[in-house]
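**Student:** What follows is a predicted structure for the sequence shown.
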Amino acid sequence: MTECTELKGSMVNSTTLVGLLQKRSVSNPCHPIYTFLSGDPFKEQTVTYGQLDRRARSVAARLQSRCNLGDRVLLLHKSGIEFLTAFFGCLYAGVIPVTAYPPRHGRKMPGLESMASDSEAKIALTDSDIFNDLDACFKEAPLLRRLDWFACDLTDQSLQGQWIPPDLSGDALAYLQYTSGSTSKPKGVMIDHASLLCNLRHLEKGFLFSSNSVMVSWLPVYHDMGLILGLLQSIFSGGTCVFMAPAAFAQRPFRWLKAISDYRATHSTAPNFAYDLCVDTITDIDRCGLDLSSWFCAINAAETVRIQTINRFNRAFAPLGFRSSALKPSYGLAEAVLRVTCTLPEYESSFCTVDAESLGSNEVVEVQQDSPNGRVIVGCGSPDPETEICIVDPSSLKKCEVDSVGEIWVKGLSIAKGYWQNREATQQTFGATLADSGEGPWLRTGDIGFIKSEELFVVGRLKELIIIRGSNYYPQDVELTVQQSHTDLQPDAGAAFSVE
């Protein structure tokens with residue numbers, strides 16, 4: 001047993017997420033762990049530890065009557081309490097949930113079909129709204145329609161007494177987190193209980209979560225950051241989570257900050273674009289009555305973090321109690337479960353201004369912030385002491401010199417097990433070794449960056465890099481330059497890429 005799975009301090013001793021929820025339900029059954037906000041105005045739906053445990057047992061008992069230990073189950077839920085019931089029901093049954101986005105009427109769904117086929121899922125769980133409309137939802141996806149479906153919210157609660165606790169260890173798979181498939185076929189990242197709990201512990205230490213923490217999230221529940229940081233962290237740390245559907249935020253970003261203000265949230269997380277959207281859309285009238293002084297950790301991750309965004313958000317919401325030290329640029333990926341680095345609470349966001357031309361040659365040359373050829377890169381913090389980062393030349397596979405740009409390689413106790421039924425891709429991504437020392441295995445992230453003052457700076461994605469006449473150009477820089485060139489161009493609505 002690794003040190004990572006021995007939970008200490010405020011945490012109960014457990015080697016799986018199942019054991020953790022069970023013990024929370026015994027020690028504090030009436031604690032309202034999750035509150036889902038829906039409707040306009042918002043209405044609350046709350047579940048306690050005890051209620052979630054009982055609902056999970058009922059779903060688990062039903063699953064155990066239909067499938068075997070280790071079978072894969074596709075989860076097709078909208079955001080809500082029923083997703084949590086389904087997710088923990090799978091864990092309680094010892095089957096492997098495959099978190100996926102809900103279907104859209106009458107549309108082809110090659111991504112979902114690929115997940116179902118690759119995972120060899122036998123059963124699909126959903127809610128009664130989708131279940132009662134399966135023919136319309138999957139008219140263009142017959143492979144999905146042929147799965148064995150049932151609705152979690154229609155499950156007989158009396159089945160909880162028939163639940164048989166599975167024999168699980170920390171090495172058992174908890175769930176499959178499929179990659180987006182933006183540059184290749186989606187691959188199922190195998191997340192085991194030990195690695196998951198280890199990463200949750202790293203998140204707790206890095207962002208100072210506790211039993212007094214309140215998380216507010218609108219992120220998709222099937223996304224790694226939305227699932228782990230948005231939902232599961234609260235169970236691990238014993239705090240409280242308030243969440244809403246992504247559409248609630250997209251339709252009116254004000255709802256996110258209003259929930260943070262109303263529920264006195266200490267933590268919340270979102271990609272960079274969300275912070276820009278709040279500045280652009282929240283009116284002076286909306287701001288009246290907002291109090292963001294409780295927001296201790298505003299985590300910015302999942303896409304490129306821009307210094308302009310940080311400065312704009314700080315200026316816009318400082319009058320409402322938001323502290324500049326709250327914004328925490330961070331870096332992670334599903335293959336490392338989630339967190340790789342984070343900006344610690346005692347530090348403010350840092351940045352490094354480098355010469356853009358030198359950066360194109362993979363050299364880090366610092367210049368003055370007002371330099372005409374300067375590019376400002378935001379730091380994403382440092383790794384946990386149990387995690388190691390190496391900057392590597394992706395061609396020679398040798399460790400880069402100091403002040404050089406290269407591929408970000410990671411190793412540590414919270415790295416995922418690999419890709420589901422894909423030995424070749426697992427070896428390529430999770431089994432890398434340094435050519436000069438033979439050290440390994442390392443996780444190849446596919447991201448490009450450099451380390452300065454023990455902090456990671458991410459500059460782009462290896463597969464998206466545009467190379468012209470031997471010089472490197474980062475698409476996000478081209479996109480930002482173009483969108484700022486004319487007021488008629490919509491922010492974050494263009495893409496730069498190379499054409500052979």
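**Tutor:** Nice, I can see it.
**Student:** Could you point out which residue ranges in the chain have low pLDDT?
**Tutor:** Low-confidence segments of the chain (pLDDT under 70): 1-13, 106-107, 180-184, 464-481, 483-485, 487-488, 491-492, 497-500.
**Student:** so who does the residue most central in space within it touch?
**Tutor:** Centroid check for the chain by CA atoms, centre = their mean gives M225 as the closest residue, at 1.5 Å. Contact analysis of M225 by CB atoms under 8 Å, 6 or more residues apart in numbering lists 219, 269, 301-302, 332, 338. Glycine gets a C-beta too; all of them are placed from N, C-alpha and C.
**Student:** Turn the buried ones among the residues you listed into a named ChimeraX selection, would you?
**Tutor:** ChimeraX command restricting the contacts of M225 to the buried ones, with burial defined by 16 or more other CB atoms under 10 Å:
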select :219,269,301,302,332,338
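**Student:** So what touches stretch 171-180?
**Tutor:** Here stretch 171-180 has contacts from 16-17, 70, 72, 87, 90-91, 94, 96-100, 115, 118-119, 186-194, 196, 224, 227, 334, 416-417, 420, using CB under 8 Å, 6+ apart.
**Student:** Tell me which of those fall in strands.
**Tutor:** Those of these mapping onto strands are 72, 96-100, 188-192, per DSSP state E.
**Student:** thought S14 was touching V26?
**Tutor:** No - using CB atoms under 8 Å, S14 is not in contact with V26, being 11.6 Å away.
**Student:** neighbour count winner among those two?
**Tutor:** S14 (20 against 12; other CB atoms under 10 Å).
**Student:** residues in contact with that one?
**Tutor:** The contact partners of S14, by CB under 8 Å, 6+ apart, come to 7, 20, 22-23, 197.
**Student:** one more time with 6 Å
**Tutor:** L20 (CB atoms under 6 Å, 6 or more residues apart in numbering).
**Student:** So it belongs to a helix, correct?
**Tutor:** No - looking at S14 with DSSP: H, G, I helix; E, B strand; the rest coil, it is coil, so not inside a helix.
**Student:** Give me the helices and strands touching the strand ranked longest in the chain, please.
**Tutor:** Secondary structure of the chain per DSSP E: the longest strand is strand 443-452. Using 3 or more CB pairs under 6 Å, 6 or more residues apart in numbering; DSSP states H and E as the contact test, the elements touching strand 443-452 are strand 406-412, strand 455-461.
**Student:** Alpha carbons only: can I get it in CSV?
**Tutor:** Only the C-alpha atoms of strand 443-452 are listed here, as CSV (Å, rounded to 0.1, in the frame of the first residue of the first chain):
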residue,chain,number,x,y,z
LEU,A,443,4.0,10.4,-18.6
ARG,A,444,4.4,12.3,-21.8
THR,A,445,1.8,15.1,-21.5
GLY,A,446,2.0,16.4,-25.1
ASP,A,447,2.2,19.9,-23.7
ILE,A,448,5.1,22.3,-24.1
GLY,A,449,6.6,24.5,-21.4
PHE,A,450,9.6,25.4,-19.3
ILE,A,451,10.5,25.7,-15.6
LYS,A,452,11.7,28.9,-14.0
